[in-house]
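[1] Based on what follows, work out the 3D shape:
(chains A, B, C and D)
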2 protein chains.
Amino acid sequence: MTAADVAREAGVSPATVGFVMNRTKGQTISEATRKRVLAASQELNYKPHHAARALRSGRNKIVLLVLPDWPLAHSLRTNLEVLTHELASHGYTLVTYTPLADSTATPLWAILEPAVVIGYGQFSDEDLADMKSLGIRNIIPDRATAQPSSDFTSGPKLQAQYLLGLGHKQLGFAHPADPRLEEFVAARLHLVEQVCSETGVPAPVVRQVDYQDPASASAVTAWHEAGVTGIVAYNDETAADVISAAARKGIRVPEELSVIGHDDSPLAARFLPPISSVGVDMEQLGLYTAGIALHHAEGHPLPDVPTNTARIVPRESAALLVRRR
Amino acid sequence: MTAADVAREAGVSPATVGFVMNRTKGQTISEATRKRVLAASQELNYKPHHAARALRSGRNKIVLLVLPDWPLAHSLRTNLEVLTHELASHGYTLVTYTPLADSTATPLWAILEPAVVIGYGQFSDEDLADMKSLGIRNIIPDRATAQPSSDFTSGPKLQAQYLLGLGHKQLGFAHPADPRLEEFVAARLHLVEQVCSETGVPAPVVRQVDYQDPASASAVTAWHEAGVTGIVAYNDETAADVISAAARKGIRVPEELSVIGHDDSPLAARFLPPISSVGVDMEQLGLYTAGIALHHAEGHPLPDVPTNTARIVPRESAALLVRRR
DNA sequence: GAACACCACTAGTACGTGCTAGTAGCGGTG
DNA sequence: CACCGCTACTAGCACGTACTAGTGGTGTTC
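    Predicted coordinates for the structure are as follows:
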């Protein structure tokens, strides 16, 4: 089924079909003809040929989402679902891609010629240069056009505010060991520090914890000695590591130490004790990301930055500070 | 940089360039010309235009790997790396794709026009029909051309044989709760049953365990009452669930109950006690998968079915049966 | 030395789309 | 009624590749 078939069926030229299908600007098509073409394309179940379109226009109607190679939060799934759906409704396809560490292979953006490339963190300079040289102009985030990435700002703030609201006066920050997370950890820590300084409490005591590292237990002792009673963990896994370490040192959670995670992952709900966490509205976030992508690809207006995407999910790992030390 | 540019540089026609680049069958090219063309393409850093190729040939040099939406074994990463690498060396690109449950969106195979589609389990009839109608003929696994999927056969057998070798006479099989795994669970269980019947011991007692389900503990009791002393778990996560449940019932592992996992995941190494498991040679497996894909795409000879891809990784969760009950 | 086979290449076209340049029709205006 | 401006289209090209049909040249055979 080609555009020519549709044209024949509708009794118009192939060019007209193109104009109708793409809503080409600067072309006027009578309502009658438009309907005739649309009806014909429906009837013949016409689907534009992607390769031909890519060849002609030099760009594919694909949004390439570059995912990091560390394990992704469970909640990302919803995000992807909404994002895919929203992009599909505008004719775009979402392809996810995780570059391999050693890879000498051609990166996917060179092959697919996507209209937009979205990354989670910043791209490396080489990758950026590579994409630019391939004529990909819509790269998110670009160093030049930094996005507000609002989603990651309210969560960590909420964590800190929640603990402070429970009466904790000295916070700790639990830092995961995985070096690949560094960029994101730094961002979240910064926000927590910001809240502390705004509220007039001391800066959080930062310690690293890790499941496989027995030294993690010493982090808990260090916090304890520093008078820390509330821990902001990078995410739920880190929170679980903190609680495990505390258990090994005989420190009770939440009686002696409150811990709050981030992401509201299944782990948080299942852990013993269940971990208080911050849930992020992945649906809203997916829509926002799609909006940004369509802004770059189609010139749609920039979507409003979503508000209130994060909310506290109270469970048992964080409690009111009862005893002053 | 187009083939025409290379042709001009090498002093030949564009057609000749095509013949050289694609090693077109039924075309003879003198060694001198071939070298000249190759040199020119090197010099100009010529890369064939994927969209144009796809348009002309109707197929993209892409292998689409359809991944399930359940969390994948950690070891898959190595598999993907090798697979990508091997395919890349033959000019193919691996794209991974996870269909969304609700998705009304066009599946990726319709857009990318891949040369080969590889799935993990069986495809649904609709998906299969869809792909066929799109002219994709290389689908793995296809119901018609069932692959021996050798990799999944030796692992479960090893698990059972290992426990039997340790003196256990009545095995249990730990079944995960996730219904999406059903197909794979059934396959592994079948192999374990096969080993039992070959060895002349009773069939394994099958019970379901799940992290979030307190009823899991009753599975352990049931095994205990049935005289089961060794558990073959579907994978390491399931093994961990069995051990947790046993701990809750006061049954010691491995003294009273031996458990063996599958996949040799990081969890197995970290758990308390460390979980004996089965490691699979993902590198060999990746090469094999690549071989199958290239067989379908390029008519390469079928690769040899790899042997000894699985090996026991002994740790502490499985031990010799000392006391007879 | 004519006929033929074969090698090594070239000319040229088709794939399906997006879009530029061109044009027929037509109502309005001087 | 010639001219203009505008609407509503159409003709046809270009994108870069893969490949068919064709062709000149060389060696072989009878």
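
[2] Contact residues of the stretch 51-200 of chain A facing chain B?
    Along the stretch 51-200 of chain A, the residues adjacent to chain B under the rule C-beta under 8 Å from any C-beta of the partner chain are A:51-52, A:54-55, A:60, A:62, A:69, A:77, A:80-81, A:84-85, A:88, A:93, A:95-98, A:100-106, A:108, A:110-113. Heads up, the C-betas are built off the backbone N, CA and C, glycines and all.

[3] so of those residues, which ones are in helices?
    A:51-52, A:54-55, A:77, A:80-81, A:84-85, A:88, A:108, A:110-112 (DSSP state H).

[4] which residues in the stretch 101-250 of chain A form helices?
    Taking DSSP state H, counting those that start in this stretch as the criterion, the stretch 101-250 of chain A contains helices spanning A:108-112, A:125-133, A:151-165, A:182-199, A:216-225, A:236-248.

[5] Could you give the average pLDDT over the longest one?
    Averaging pLDDT along helix A:182-199 gives 93.

[6] contacts with DNA strand C among the ones in helices among the residues of the stretch 51-200 of chain A next to chain B, please.
    Counting by C-beta under 7 Å from any atom of the strand, A:52, A:55 from these sit close to DNA strand C.

[7] Pick the one among the ones in helices among the residues of the stretch 51-200 of chain A next to chain B closest to DNA strand D.
    When these are compared for distance to DNA strand D (C-beta to the nearest atom of the strand), A:Leu55 wins out at 4.2 Å.

[8] sorry, back to before: could you dump the ones in helices among the residues of the stretch 51-200 of chain A next to chain B to CSV with neighbour count and pLDDT?
    Rendered in CSV, the data for those read as follows (neighbours: other C-beta atoms under 10 Å in any protein chain shown; pLDDT from 0 to 100):
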residue, neighbour count, pLDDT
A:Ala51, 22, 91
A:Ala52, 16, 94
A:Ala54, 24, 92
A:Leu55, 19, 93
A:Arg77, 15, 75
A:Leu80, 21, 85
A:Glu81, 20, 85
A:Thr84, 24, 88
A:His85, 19, 89
A:Ala88, 17, 87
A:Leu108, 23, 86
A:Ala110, 17, 81
A:Ile111, 21, 82
A:Leu112, 27, 86
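
[9] Point out the most buried one among the helices of the stretch 101-250 of chain A.
    Counting by mean count of other C-beta atoms under 10 Å in any protein chain shown, helix A:236-248 has the highest mean neighbour count of the helices of the stretch 101-250 of chain A, with a mean of 24.

[10] related to what we said a few turns ago, and the residues of the stretch 51-200 of chain A next to chain B near DNA strand D, which?
    Among those, the ones lying near DNA strand D by C-beta under 7 Å from any atom of the strand are A:52, A:55.

[11] Now render the helices of the stretch 101-250 of chain A as CSV, adding distance to B:Pro314.
    Formatted as CSV, the helices of the stretch 101-250 of chain A follow (distance: least, C-beta to C-beta, whole Å):
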stretch, distance to B:Pro314
helix A:108-112, 40
helix A:125-133, 43
helix A:151-165, 42
helix A:182-199, 36
helix A:216-225, 27
helix A:236-248, 26
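
[12] out of those, nearest to B:Thr153?
    Distance to B:Thr153, taken as C-beta to C-beta, is lowest for helix A:108-112 among the helices of the stretch 101-250 of chain A, at 32.8 Å.

[13] Which other helices and strands does that closest one contact?
    If contacts are counted by 3 or more C-beta pairs under 8 Å, 6 or more residues apart in numbering or on different chains; DSSP states H and E, helix A:108-112 sits against strand A:60-66, strand A:93-97, helix A:125-133, strand B:93-97.

[14] which other residues reach stretch A:60-69?
    The set of residues that contact stretch A:60-69 without belonging to it, under C-beta atoms under 8 Å, 6 or more residues apart in numbering or on different chains, is A:50, A:53-54, A:80, A:83, A:87, A:91-101, A:108-109, A:112-121, A:123, A:180, A:293, A:297, B:51, B:77, B:111.

[15] Alpha carbons of stretch A:40-58, as CSV, please.
    Presented in CSV, the C-alpha positions along stretch A:40-58 are these (Å, rounded to 0.1, in the frame of the first residue of the first chain):
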residue,chain,number,x,y,z
ALA,A,40,-9.2,6.2,1.0
SER,A,41,-6.2,5.8,3.3
GLN,A,42,-8.3,4.3,6.0
GLU,A,43,-9.9,1.9,3.6
LEU,A,44,-6.6,0.7,2.1
ASN,A,45,-5.1,0.7,5.6
TYR,A,46,-2.3,2.9,4.3
LYS,A,47,0.8,3.1,6.5
PRO,A,48,3.6,5.4,5.3
HIS,A,49,6.8,3.5,4.5
HIS,A,50,9.3,4.5,7.2
ALA,A,51,12.4,3.8,5.2
ALA,A,52,11.3,5.9,2.3
ARG,A,53,10.3,8.7,4.6
ALA,A,54,13.6,8.5,6.3
LEU,A,55,15.5,8.5,3.0
ARG,A,56,13.6,11.5,1.7
SER,A,57,13.4,13.6,4.9
GLY,A,58,16.8,12.5,6.3
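
[16] Can you point out the buried residues in that stretch?
    Of the residues in stretch A:40-58, those with enough neighbours to count as buried (16 or more other C-beta atoms under 10 Å in any protein chain shown) are A:40-41, A:46, A:48-55.

[17] wait, which of the ones in helices among the residues of the stretch 51-200 of chain A next to chain B is closest to B:Met21?
    For these, the residue nearest B:Met21 by C-beta to C-beta is A:Ile111; the value is 16.3 Å.

[18] My read is that the closest one contacts B:Tyr92, right?
    No. A:Ile111 is beyond contact range of B:Tyr92, at 10.1 Å (criterion: C-beta atoms under 8 Å).

[19] Where does the prediction get shaky in the stretch 151-300 of chain A?
    A:151-152, A:270 (pLDDT under 70).

[20] before we move on, the earlier item: which of the helices and strands packed on helix A:108-112 has the lowest mean pLDDT?
    Of all those, mean pLDDT reaches its minimum on helix A:125-133 (a mean of 84).

[21] Now the residue nearest the centre of chain A. Nearest residue, chain neighbours left out?
    With distances taken as C-alpha atoms, centre = their mean, A:Tyr120 lies nearest the centre of chain A, 6.3 Å away. If the residues on either side of it in the chain are set aside, A:Tyr120 comes closest to A:Pro68, at 5.4 Å by C-beta to C-beta, 6 or more residues apart in numbering or on different chains.

[22] where does that neighbour sit relative to A:Ile118, distance-wise?
    12 Å (C-beta to C-beta, to the nearest Å).
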